[in-house]
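K.L.:
sequence unknown, structure follows:
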């Protein structure tokens, strides 16, 4: 079985059963992100704060570049990636699933004379390369893998070669949560002459991390290979099976169940026919002896590959994959109940067909799904999702609108929306295209931070501001007011005459789902005193949405004054100082308290697109004479700063009269 085929099965999951009624899923049409001469095996990881990390390599083998980008929460992928360092093969990029939001790790192996491995840590929205994390690298390295351990450390494993191309080792080690040394050094596994493939570490329990790998027999030689499992840093060898002559071993998967039982599944293939058998071996909780390999238990007589995962019921589950003579795939699950060492009958998930599938994990409900790639009636590539029911009939396939893409990566966002990226092969000399799509849970966009004044003045710009977000991004935004349509989230509108106006904000996500919000604005007649209308600012108290990267609000200091009398009294001078480069939305307001009319009246509004950090800025606002008598001397200036990350600070200052 090839390494690429084995990689189609994902890592362990938290539960098997899906909810009784899963929400309807809506496909999100694919969107072009950027083009390049080549994209190799994109890797995608969702972060707990709603962001997503994407990495890949591109170039021409000997001169690859490693690139990465952060997709902000509620936004689409940016068009500009961050270049890290030179790389060699896209297969060497690996994100560490389950890491803290501030420190997701990925690694690759540097091309060139050193070919040294690196880890990368996320700091804000930028990746920083960490050197010196690995040790003992004197040759070509590949197949990096991670596993997060319960104590916060990380188990690493990878293969590297000595200067002789026929001498290989597997190296395993433990590092801290961010890749720093956690003590214990490196464990060298194996000896010269053997070909080690795809080591897989695991930390399913508080016990010592495990590393499972396949020792091939130099691909075509007569010597048998081995399938091995042992602990990292002196944990001992738990399993060492000699593959019969004429067969090849498939990379074993070893995990420790919640009750402490050690499980190992693997496959062995006939070199001539390709026929395979999937086996299982186990060791009781508390047992420290090596597992006998003399007579392993057959789990699937036609098995092509298998993957272990555990359920919240305490059971142990194995996803089985098999191929028929036509190369078509079939998938099923077998389960050993909690406390049992025996597997029950298989539950078929997908019958034979021109498709492949892999376990897709990370959904907020803890349940796995099958990610299926097949073809439609016109032989177009189509990705789909199928739920894995606890028992009974299959759940229907839900199509993902990502078509004609080759390499792909998928990740569930904390909202339950599925983000997918893929590569459309340009063919020939044309560039490749990176595309983005996915599945929406059916929830419409959310609206927050609403600012629609309840009172306004005729002929004066009235500011409108609202924050709209959707986990998979918005396709459009619009305001509908007084027969006009505006398309900016932060904008302003001028009302020509007094009256009552309806303002409607509408946000549409990429799945076509819409959310609307309506507010009423009373535009006052400034001539007769007391002709205004009751109302307020129209502010809707909301909890600001989580910001994707920088979460610190910008610092703001402000003061305002006006002249004593005459023309000088008609001008307000505002002095601002921002702690970082920001945009400023400024509103000159007055308190209306005459007769039955009470509220805040917007006299002037103004936007300063860019304030320089820590530099004093002066802004002058004219007070309309026709409106000044409605509010008297009760004037204030409301300033909202917005930094580059979307963080906002609002400050209201009282306008003082200048001294004589």
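P.N.:
Received the coordinates, thanks. None of these values were measured; they are calculated from a predicted model.

K.L.:
Residue 634 - how many residues pack around it?
P.N.:
A count of nearby residues for residue 634, using other CB atoms under 10 Å, gives 15. Every residue, glycine included, has its C-beta placed from N, CA and C.

K.L.:
Which residue, other than its chain neighbours, is closest to it?
P.N.:
Once its chain neighbours are removed from consideration, residue 634 has its nearest residue in residue 591; the separation is 4.4 Å (CB to CB, 6 or more residues apart in numbering).

K.L.:
The one you found pairs with what?
P.N.:
When assigned by DSSP bridges, residue 591 has beta-bridge partners residue 600.

K.L.:
Pull the contacting residues for the closest residue to residue 513 other than its chain neighbours.
P.N.:
In this structure, residue 513 finds its nearest non-sequential neighbour in residue 444, 4.2 Å apart by CB to CB, 6+ apart. Residue 444 is in contact with 470, 507, 509, 513-515, counting by CB atoms under 8 Å, 6 or more residues apart in numbering.

K.L.:
what does residue 419 give?
P.N.:
The contact partners of residue 419, taken as CB under 8 Å, 6+ apart, are 44, 46, 52, 71, 410-413, 436, 438, 471-472.

K.L.:
Indicate each strand paired with the host helix or strand of it and its parallel or antiparallel sense.
P.N.:
Using DSSP states H and E, residue 419 falls within strand 418-424. The strands that strand 418-424 pairs with in its sheet are strand 408-412 (antiparallel), strand 432-440 (antiparallel) (by DSSP bridges).

K.L.:
returning to that earlier point: could you flag which of the contacts of residue 444 are buried?
P.N.:
Buried subset of these (neighbour count, 16 or more other CB atoms under 10 Å): 470, 507, 509, 513, 515.

K.L.:
Format these as JSON lines; extra columns: pLDDT.
P.N.:
Shown next, in JSON lines, are the buried ones among the contacts of residue 444 (pLDDT from 0 to 100):
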{"residue": "470", "pLDDT": "93"}
{"residue": "507", "pLDDT": "93"}
{"residue": "509", "pLDDT": "93"}
{"residue": "513", "pLDDT": "92"}
{"residue": "515", "pLDDT": "94"}
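
K.L.:
I'd assumed residue 440 was in contact with residue 417.
P.N.:
Yes: counting by CB atoms under 8 Å, residue 440 is a contact partner of residue 417 at 5.6 Å.

K.L.:
More neighbours: those two, which one.
P.N.:
When neighbours are counted by other CB under 10 Å, residue 417 and residue 440 differ, and residue 417 comes out ahead with 27 against 24.

K.L.:
List the contacts of that one.
P.N.:
Contact partners of residue 417, counting by CB under 8 Å, 6+ apart, are 438-441, 471-472.

K.L.:
ok, the residues you listed vs residue 176, which is closest?
P.N.:
Closest approach between these and residue 176, by CB to CB: residue 471, at 30.9 Å.

K.L.:
So residue 569, which state does it fall into?
P.N.:
Assigned by DSSP: H, G, I helix; E, B strand; the rest coil, the conformation of residue 569 is helix.

K.L.:
chain center to the strand holding residue 419: distance?
P.N.:
Shown here is strand 418-424, whose average C-alpha point lies 12 Å from the average C-alpha point of the whole chain (CA atoms, centre = their mean, to the nearest Å).

K.L.:
While we're on residue 33, how confident is the model there?
P.N.:
Looking at residue 33, its pLDDT is 91.

K.L.:
Can you list the strands that whichever helix or strand it is part of pairs with?
P.N.:
Per DSSP H and E: residue 33 is located in strand 26-36. Each strand paired with strand 26-36, and its direction, by DSSP bridges: strand 432-440 (antiparallel).

K.L.:
now for the helix or strand that the partner strand is followed by, which elements pack on it?
P.N.:
Downstream of strand 432-440, the next assigned helix or strand under DSSP H and E is strand 446-451. Under the contact criterion of 3 or more CB pairs under 8 Å, 6 or more residues apart in numbering; DSSP states H and E, strand 446-451 touches strand 461-469, strand 499-509, strand 514-523.

K.L.:
out of those strands, deepest packed?
P.N.:
Across those, averaging neighbours per residue (mean count of other CB atoms under 10 Å) puts strand 461-469 on top, at a mean of 21.

K.L.:
Show me what that one pairs with in its sheet, parallel or antiparallel.
P.N.:
So strand 461-469, judged by DSSP bridges, has these partners: strand 446-451 (antiparallel), strand 490-494 (antiparallel).

K.L.:
hmm, who's touching the last one?
P.N.:
Strand 490-494 is contacted from outside by 459-465, 479, 481-482, 484, 486, 503, 585, 605, 607, using CB under 8 Å, 6+ apart.

K.L.:
tell me the phi and psi of the nearest residue to residue 559 once chain neighbours are set aside?
P.N.:
Excluding its sequence neighbours, the residue lying closest to residue 559 (CB to CB, 6+ apart) is residue 575, at 5.1 Å. Comment: the main-chain dihedrals of residue 575 come out as phi -110, psi 130, following degrees, to the nearest 10.

K.L.:
Surely residue 575 and residue 620 touch.
P.N.:
No: Residue 575 sits out of contact with residue 620 when judged by CB under 8 Å, with a separation of 10.4 Å.

K.L.:
what about those two, which has more around it?
P.N.:
Neighbour totals were compared for residue 575 and residue 620, and residue 575 leads with 14 against 9 (other CB under 10 Å).

K.L.:
what residues are up against that one?
P.N.:
Under the criterion of CB under 8 Å, 6+ apart, the neighbours of residue 575 are 558-560, 616-618.

K.L.:
mind running it again at 10 Å?
P.N.:
When contacts are counted by CB atoms under 10 Å, 6 or more residues apart in numbering, residue 575 is found next to 557-561, 616-619, 653.

K.L.:
List the beta-bridge partners for the residue lying closest to residue 38 once chain neighbours are set aside.
P.N.:
Of all residues not flanking residue 38 in the chain, residue 58 sits nearest, at 4.6 Å (CB to CB, 6+ apart). When bridges are called by DSSP bridges, residue 58 pairs up with residue 65.

K.L.:
same check, this time on residue 571
P.N.:
Judged by DSSP bridges, the bridge partners of residue 571 are residue 622.
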